[in-house]
Each structure stands twice: as structure tokens, then as C-alpha cells.
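*Asks:* This is the structure alone, sequence omitted:
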């Protein structure tokens, strides 16, 4: 209390803004009461929020404590010798004596009111029109956030010095109040957009960033817990304010999750569960930021992307081809990728083709949720009943697809008009703009309202894994050694007459064009670095092309492969190998297919790709290798950083690189 007389003039304006907030609250209560976010309605703290706004005595107590804490922070910033340890000790005793840490509800109450006061103070400082030149100096960027900075410091100060065994839980309690206040402020101002009131994300961003910095400054030896444990409440808080829930906080959220004091430390810590929204043109910048974030992960944490590719691909729209390619291009550091343009390369003889990839998620969950896992396993093991594959398609279409499909639907339009067939989608993709990759198109692969993508991805992967495991056991029994499906003795048997191929062929025969497109994309998601999954699903893709009875399936196989090659690098190694095999091997008669000449752009694209695949070792093939396989060898990770700055251009025509 004795230090209040030395408070700087800038501090007095911060206090004044608190008082102005009280008067404005009284005027707004009668005409426009605050509506709370629906997702926190069940919270015990939320049920008392309306009382807090009318309890001026409670707010006054919080106001006084904030005054004293702000005074201490400003004095220390002015001269660290003025503030003594005794001042901090007295403040801590007073905070405890007033009962703010008796239980979780009291702590939430304090920090909800404190956050509301400090954020409002910062917003007023930001919006205040600067008049005189000297006022402009005082109203600098730092003084605008004096109250918010002090609140973040108070939060970490209490976590550090309060006598509490569960420091992680204490921090989570504090952050929960901040999240509640942020969502309430966001929702209330979003409803008032027409009146000129807009949500300002800067104060809350500043608060979270300061908490990150202050936590990082801790001496971990004093906390009796690893530093990653203190990041878990922050991760939960960031998830609670994700763009899906708080769109106006999206850019701040992106900065927080990619912060150098959060993401790298979380990924380098102990393994734990780590968890995209179809983009629209107004948030194209946010999409580009997401691409850059994925490129950083591809360069520094490729194992994370490689192990979680299944769950990540389940959340990414099919239109975001480059984003999907970045994830599927990740491979473990100990693997060396061979050049896919090497003449007479036999990928089935590569040692890595014998090893299964590590997938760190439950790919069976969608099948379990639909009750399809046991019947699928039974059929794959006994190949009985023989009608199961067809009934499986009927069940998928009956439960997940709209009951009727008009001729104006994307699927019907695709079947009726050759100009809008599958390869036509590649033509549109090649001519799309930078933000066009994620824009919704009324074509196959975009509107997923009728199909559960996670279920299809799970069905395709689990069916293939079952056959891979069975072939490995059979080869092991015959040779007495550990032989995987990558060996030349078993590679051709992978796609012969078997239960797994029955399922894939039934999906191609009984689903409509949209459903087939989703199934083929699920297969293409497994064409990654050298492993037995890549070997198997590459054979499946080529077999479906070779054995297709109509031209539509062949067109769709071609589209799925080409649309992943016409975007900028990196390109998945398995996609490159499969596309090259399809073009080079004469048994597939790729050049004789009628759809390869349906449009001039397609002719030019396929001609460029064919020339690249059929070149012999010379200067031209050196250039082709540098472009076509860039991002798929030891220099892959360095190329990703270059893409960060120069080549994150979704959907641009890339025939020259091909």
C-alpha cells in the first residue's frame, strides 16, 4: 500500500479505465445482457457468472488486489532495487487471506473478473485516439498491455510460489477462467458486429504469449514436474479456443500453437496424444500459415507426421491436395529413399519394402463404431459369405449416402458429361488459383455429406493390413525366415484372387463415382515411403486399373494419381513410383486410353509426365530427377524449407516441373 504514491501517470490511466468499465457495465446490463457460450453452460462457475456482474463488492476486491500487483510490477520495471522480496511475500499472504485460493471456484472467480478488467483496459488503450505527442509516447505498444502483462505474471507467480502439490491443476484452473472470459467476450461482440463492435484478439494473444514466456523462465528443478506437464493445460486451453469455436481468434490461435516455446517443446517432450477446417477464401492466409506449419513439422518432426498420417488425412478435405502431400511425404529419418526414376528399379526388392510402417492411432475405431469390424474380419478370414462385399457396399450407401440422387448431383453429372469427368477435375486443378485448391467445387471428392471419409479410410487400410499380415505368415511358414510382402517371391501374389481384392473390386463395381473416388483416395493415402503398405497398395491401385471393365475406373485412378503430382513438391514417393509404373509398363496400355486425349491441357500434362518417366540417364534425366523426386530423398527436408518461402502455391499448373 505504501508504494502506491510512486505509481507512474500511465498507471493511473489504467486504473481510470477500470472505473469507466464499471459505469459502462451498469448502462449495458438493462439493454443488452451478456449471453454466455453454450459449451460452458454446464460449468459450476458459469452458473454464477450473472451474479458476478452484479456483485460490485466482489469486483472491487479484485480491483484492489490488481492495483497493488500492478504497482509492484511497475516499480520493479522502473527500478528492481525498489521492490523487495517482502513486498511479494506480503502480497501473497494477502491473496491467500482473502480466500481466493480456498477452492477452484474462488480462483476461477478472481481470474475471470481480473481477465475481464485487464482485457477491457487494454482494448480501451488500443482504441483511444492519441492527441498530443507526449501522449503518443505513453500510449506505446508496451503501455497498452500493462494490465494484461501484469495479469500473466501474476498467474505464473501464483503457480510458482503457492503451496500446492498440483501445480498443473492450479494452472489449468487459472487458464479455464481466461478461456471462459475469452469465449464470452468473443461471442458477445460477434453478435454486435453490425453495430460497429468487433472482437479484438490482441489482448488475449498477449496474455497467452506472456504466460508461455514466464513459464519458460522457470527453473524446472523447483517445480517437481517436467516442463511438458505445464504445457498440457495450455494445449487444452488452445484447443478450447480453436478456430472452429472462436473464428475471430483464428490468427492468434495459429500464432500460439506454432510458438517456439509451445510446439517444439510439446513435440520433443514425452509422447502423448497430440491432435483443419475446410478453408474458405477469407481465411486463405490462415491456410497458407497451416501449410508453413506443416512444412516445419516435415523438416523437424517427420516421424510425427508419418506416424499420425491416418488421423490427419481424416480431417483434411480432399481438395487440399498439397496439404495432404506434405503429410504423406514424411518418412522416418533412418530411411533413405531411392530415386524413382532409376532405370530398371525393382521396388519389390528394396529391403524397406519388408517392413511395416508405424501408425500411432487407432485405425479400427470407425469400423468399430459402425459395427463392421467383426463381419469384415470374418469374411477376410473365411471368404464367406460370398455376398458380403456387395452387402458391405449397400450398407455404406444406405447409412451414409442420401437416399436419392438427382441427375444434378455431382456423381450424376460426372457420369453424364465427358467434359466433367475425373480427368476434367485434374484439368480444373491445374488451372486453379493459389486459393482455389481449398475452394469448394461442385465435383467429385469435394462434397462429403454423403460419405464418412474416416470409415472409408479405415475400411481400406484394415482390409489391406489383414492381407499383408496373412501373406507374411504364409511366406514365413514356407521359408522359415522373416519374409515380408516386399519380397519378389510374394509380391505378385499380393493382388491375386483373394478376399481383400474381392472387397476392393466390389467397392469399385457397386459404389457410384463419388464413392469410388473416396476409396481410391484412401488407397493413395497409403502410397508413402518404402514399406510393405506402400508395396501392397501400389499393386492394388495398378490392379484396379488393369482389371477395370469400364473406362470410368481407369479415369478415376489416373485423376487420383495426377492431381497429387501437378501441385508443388513435395510429392509422396509411393505416388511417384506408382505413376511411373503405370506409364512405363506396356501391359497397362496407358497411352492408348481414350481419356488421355479428352482435353489439350491433359494431353500436354501427360506428354510431359511420359517424357520424364521414359528418359534415360543424361542431362535431361538429371533435371527431371531433381524436380520430380525433389523432397523424396536425403535433401527432402531441406527442400521443404525452400517450399516454405517460395513454393507454397496450392493448385498452380506445374506441368513444367513434371
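*Replies:* Nice, I can see it. Quantities reported herein were computed from a predicted structural model and do not represent experimental measurements. Numbering: from 1, shown residues only.
*Asks:* So residue 122 versus residue 604, what's the distance?
*Replies:* 56 Å (CB to CB, to the nearest Å). (C-beta placed from N, C-alpha, C; glycine too.)
*Asks:* quick one, which of those two is more surrounded?
*Replies:* Shown here are residue 122 and residue 604; by other CB atoms under 10 Å, residue 122 has more neighbours (26 against 13).
*Asks:* nearest residue to that one other than its sequence neighbours?
*Replies:* Excluding the flanking residues, the one nearest residue 122 by CB to CB, 6 or more residues apart in numbering is residue 203, at 4.1 Å.
*Asks:* C-terminal to the helix or strand containing that neighbour, what's the next element?
*Replies:* Residue 203 is part of helix 202-216 when elements are defined by DSSP states H and E. The element immediately downstream of helix 202-216 (helix or strand, assigned by DSSP H and E) is helix 227-240.
*Asks:* Next, the buried residues of that following helix.
*Replies:* For helix 227-240, a neighbour-count test (16 or more other CB atoms under 10 Å) marks 228, 229, 230, 231, 233, 234, 235, 237, 238, 240 as buried.
*Asks:* my guess is the last one meets residue 179, correct?
*Replies:* Yes. Distance between residue 240 and residue 179: 4.8 Å, which falls inside the contact criterion (CB atoms under 8 Å).
*Asks:* so where do the helices sit in the stretch 151-300 of the chain?
*Replies:* 167-191, 202-216, 227-240, 250-257, 263-268, 284-300 (DSSP state H, counting those that start in this stretch).
*Asks:* likewise the stretch 501-650 of the chain?
*Replies:* Ranges of helices within the stretch 501-650 of the chain are 513-524, 532-547, 551-562, 573-584, 600-614, 619-628, 636-646, based on DSSP H, counting those that start in this stretch.
*Asks:* by contact count, what packs against the longest helix along the chain?
*Replies:* Looking across the chain with DSSP state H, the single longest helix is helix 453-479. Using 3 or more CB pairs under 8 Å, 6 or more residues apart in numbering; DSSP states H and E, the elements in contact with helix 453-479 are helix 309-315, helix 365-370, helix 373-382, helix 388-400, helix 488-491, helix 499-510, helix 513-524, helix 532-547.
*Asks:* quick one on the thing from earlier: nearest to residue 260, of the helices of the stretch 501-650 of the chain?
*Replies:* helix 636-646 (15.3 Å; CB to CB).
*Asks:* Touching, residue 321 and residue 567? I think so.
*Replies:* Yes. Judged on CB under 8 Å, residue 321 makes contact with residue 567 at a distance of 5.2 Å.
*Asks:* Give me the more crowded residue out of these two.
*Replies:* Higher neighbour count among residue 321 and residue 567: residue 567, with 27 against 23, using other CB under 10 Å.
*Asks:* Now the more buried one. Nearest residue, chain neighbours left out?
*Replies:* The shortest distance from residue 567 to any non-neighbouring residue, by CB to CB, 6+ apart, is to residue 322 (4.4 Å).
*Asks:* returning to that earlier point: ranking the helices and strands packed on helix 453-479 by mean pLDDT, which is last?
*Replies:* Ranked by mean pLDDT, these end with helix 488-491 in last place, scoring a mean of 47.
*Asks:* Can you report how many residues lie near the residue nearest to residue 155 when sequence neighbours are not counted?
*Replies:* Distances taken as CB to CB, 6+ apart place residue 174 nearest to residue 155, at 5.0 Å, with adjacent residues excluded. By the measure other CB under 10 Å, the count of residues near residue 174 is 28.
*Asks:* where exactly do the strands run in the stretch 51-200 of the chain?
*Replies:* Using DSSP state E, counting those that start in this stretch, the stretch 51-200 of the chain contains no strands.
*Asks:* Low-confidence ranges, it, go.
*Replies:* For the stretch 51-200 of the chain, applying pLDDT under 70 flags the ranges 51-55, 80-82, 129-142, 194-196.
*Asks:* What are the buried residues along stretch 92-109?
*Replies:* Buried residues in stretch 92-109, counted by 16+ other CB under 10 Å: 92, 95, 100, 101, 104, 107, 108, 109.
*Asks:* That one: end-to-end distance?
*Replies:* Chord length of stretch 92-109, first to last residue, is 17 Å (CA to CA, to the nearest Å).
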